[in-house]
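Q: the amino acid sequence is not available; the structure is as follows:
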């Protein structure tokens, strides 16, 4: 009897191991190549195994988009800078759960002539090929079809009301590493991706805030994934964040330009956002603790505006606390505190700032932002500013 049980367990363990290996087996993208042949631009994606794929076009600007299952990326450094023929640039990476994406930016209208998968042969693995031909705008627009619908298992709509913090809980700081996945953000002078710089910095800031022990801290993303701007704000509100800090780095053609800056929401952007929020059909709990369902657009707009203006004041207070801390470590622009309508700053009831740490297109700034020692010092400065901000709220 026990011999039979033992045999069964060995067999079961073998099956589990096989299933586990199958579940974790991942197709790898090994290279991306671009060539021009007989008037057409050919895009080739070298893979470790065959995959299903869908190709579609997006207009204004002209783009060809390749959607794939969620694959791994082990392409050579500098791949994102490749271009040729109709392809003016490309982006690749995780797009959403179960879905990777390649975006080909075109320098003019073009249509996909053929797209196919070549089997492994002559030392190559399977290759996914897309041929793009020049076309008129009319032909490009006619070639478009709706993008594929992917079941992500979650909605990008803002979830439910902002969660209220319990009296015994420490304040929650939401750190938002900019970009991610298929969206690399700025690309540095030596090929550094902004999405990697912001994620490493966000993790360091989390460590520095946690070390002080007076605030809780969470990240909107803790890996290389794409998250929509609306979703980032929604995540912060759903978690009941008391402060939202979005981390970015910039890039510009003039490589001599450098320096950091801090952004909070502008008055004009606030007015537009208030009007948009007031016009929503379902206005319950648009702002924390206030149900706007029974109010007309004008009253709802006033209530949202009052809440958002108070939030903007708190955002400006935190920006004021940040400037002297960062000035000690990084070169700041002439006017370090600026105003803009960035989407991630528009939570009506969460004080929010966006920090541009510097220019990756400047060699000195890029070196600073990729240096572990500098990163740790900057993170501690931001943590001190966070702590000072919450101390001021108590006084």
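A: Thanks, I have it. Model, not experiment: these values are computed from the prediction.
Q: contacts only, for the residue lying closest to residue 328 once chain neighbours are set aside.
A: Leaving out its chain neighbours, the residue that sits closest to residue 328 by C-beta to C-beta, 6 or more residues apart in numbering is residue 381, at 6.8 Å. (C-beta placed from N, C-alpha, C; glycine too.) Applying C-beta atoms under 8 Å, 6 or more residues apart in numbering, we find residue 381 in contact with 325-326, 328-329.
Q: and if you look at residue 204?
A: The neighbours of residue 204, taking C-beta under 8 Å, 6+ apart as the test, are 375-376, 378-379.
Q: sitting in helices, which of the contacts of residue 381 do you find?
A: Using DSSP state H, the subset of the contacts of residue 381 located in helices is 325-326.
Q: just the buried subset of the contacts of residue 381, please.
A: Neighbour-count burial within those applies to 325-326, 329; the criterion is 16 or more other C-beta atoms under 10 Å.
Q: pipe the contacts of residue 204 into CSV and attach secondary structure and distance to residue 141 per row.
A: Output for those, formatted as CSV (DSSP: H, G, I helix; E, B strand; the rest coil; distance: C-beta to C-beta, whole Å):
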residue, secondary structure, distance to residue 141
375, helix, 46
376, helix, 51
378, helix, 46
379, helix, 48
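Q: quick check: of those residues, which lies closest to residue 66?
A: Checking these against residue 66 with C-beta to C-beta, the nearest one is residue 375 at 33.8 Å.
Q: where does the stretch 101-250 of the chain have low pLDDT?
A: In the predicted model, the stretch 101-250 of the chain carries pLDDT under 70 at residues 148-163.
Q: in it, which spans are strands?
A: When secondary structure is read from DSSP state E, counting those that start in this stretch, the stretch 101-250 of the chain shows strands at 110-118, 127-134, 172-177, 216-219, 243-250.
Q: which stretch among those comes nearest residue 104?
A: Ranking the strands of the stretch 101-250 of the chain by their distance to residue 104 (criterion: C-beta to C-beta) puts strand 127-134 first, at 7.5 Å.
Q: what is the closest one packed up against?
A: Helices and strands in packing contact with strand 127-134 are listed as strand 40-47, strand 63-68, strand 99-106, strand 110-118; criterion 3 or more C-beta pairs under 8 Å, 6 or more residues apart in numbering; DSSP states H and E.
Q: mind listing what the helix or strand following the second one pairs with, with the direction of each?
A: What it means is strand 63-68. In the C-terminal direction, the helix or strand that comes right after strand 63-68 (DSSP states H and E) is strand 72-73. Taking DSSP bridges as the criterion, strand 72-73 pairs within the sheet with strand 28-37 (parallel).
Q: coming back round to it: adding distance to residue 354 and pLDDT, write the contacts of residue 204 out as CSV.
A: Compiled in CSV, these are given as follows (distance: C-beta to C-beta, whole Å; pLDDT from 0 to 100):
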residue, distance to residue 354, pLDDT
375, 18, 96
376, 21, 97
378, 15, 97
379, 16, 97
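Q: out of these, flag the one nearest to residue 316.
A: Distances from residue 316 to those, taken as C-beta to C-beta, are shortest for residue 378 (21.1 Å).
Q: quick check: the closest one touching residue 332?
A: No: counting by C-beta atoms under 8 Å, residue 378 does not reach residue 332; the two are 12.0 Å apart.
Q: what's the overlap in contacts for the two?
A: Shared contacts of residue 378 and residue 332, defined by C-beta under 8 Å, 6+ apart, comprise residue 326.
Q: of those two, who's got more company?
A: The neighbour comparison of residue 378 against residue 332 (other C-beta atoms under 10 Å) goes to residue 378, with 27 against 20.
Q: so who does the more buried one touch?
A: Residues in contact with residue 378 (C-beta under 8 Å, 6+ apart) are 201, 204, 326, 329-330, 357.
Q: apply 10 Å and report the result again.
A: For residue 378, the contacting residues are 201, 204-205, 208, 247, 260, 325-326, 328-330, 355, 357-358, 368-369, 371, by C-beta atoms under 10 Å, 6 or more residues apart in numbering.
Q: what does the pLDDT read for the closest residue to residue 361 other than its chain neighbours?
A: Across the structure, with C-beta to C-beta, 6+ apart as the measure, the residue nearest residue 361 apart from its sequence neighbours is residue 251 (4.3 Å). We note a pLDDT of 89 for residue 251 in this prediction.
Q: I'd like to know how many residues surround residue 251.
A: Taking other C-beta under 10 Å as the criterion, the count of residues near residue 251 is 20.
Q: ok, it touching residue 359?
A: Yes: using C-beta atoms under 10 Å, residue 251 is in contact with residue 359, at 6.2 Å.
Q: what is in contact with those two at once?
A: The contact lists of residue 251 and residue 359 share 186, 188-189, 257, 365-366, where a contact means C-beta under 10 Å, 6+ apart.
Q: just checking, which of those belong to helices?
A: Taking DSSP H as the definition of helices, those contribute 365-366.
Q: give me the distance from stretch 128-141 to the chain's centre.
A: Relative to the centre of its chain, stretch 128-141 is centred 29 Å away, using C-alpha atoms, centre = their mean, to the nearest Å.
Q: what about it, start to end distance?
A: This stretch, stretch 128-141, spans 24 Å end to end (C-alpha to C-alpha, to the nearest Å).
Q: and that stretch, what's buried?
A: In terms of neighbour count (16+ other C-beta under 10 Å), stretch 128-141 has its buried residues at 128, 130-135, 140.
Q: go on, stretch 350-367?
A: Using 16+ other C-beta under 10 Å as the burial criterion, the residues of stretch 350-367 that qualify are 350-362, 365-366.
Q: again with stretch 232-251
A: When neighbours are counted by 16+ other C-beta under 10 Å, the buried residues of stretch 232-251 are found to be 232-237, 239-251.
Q: and the helices in this structure?
A: 2-24, 137-143, 194-212, 229-239, 267-278, 297-327, 363-369, 372-394.
Q: now the last one: buried residues?
A: In this case it means helix 372-394. By neighbour count on 16+ other C-beta under 10 Å, the buried set for helix 372-394 is 374-375, 377-390.
Q: what angle separates it from strand 243-250?
A: When axes from the mean of the first three to the mean of the last three C-alpha atoms, to 10 degrees is applied, the directions of helix 372-394 and strand 243-250 differ by 150 degrees.
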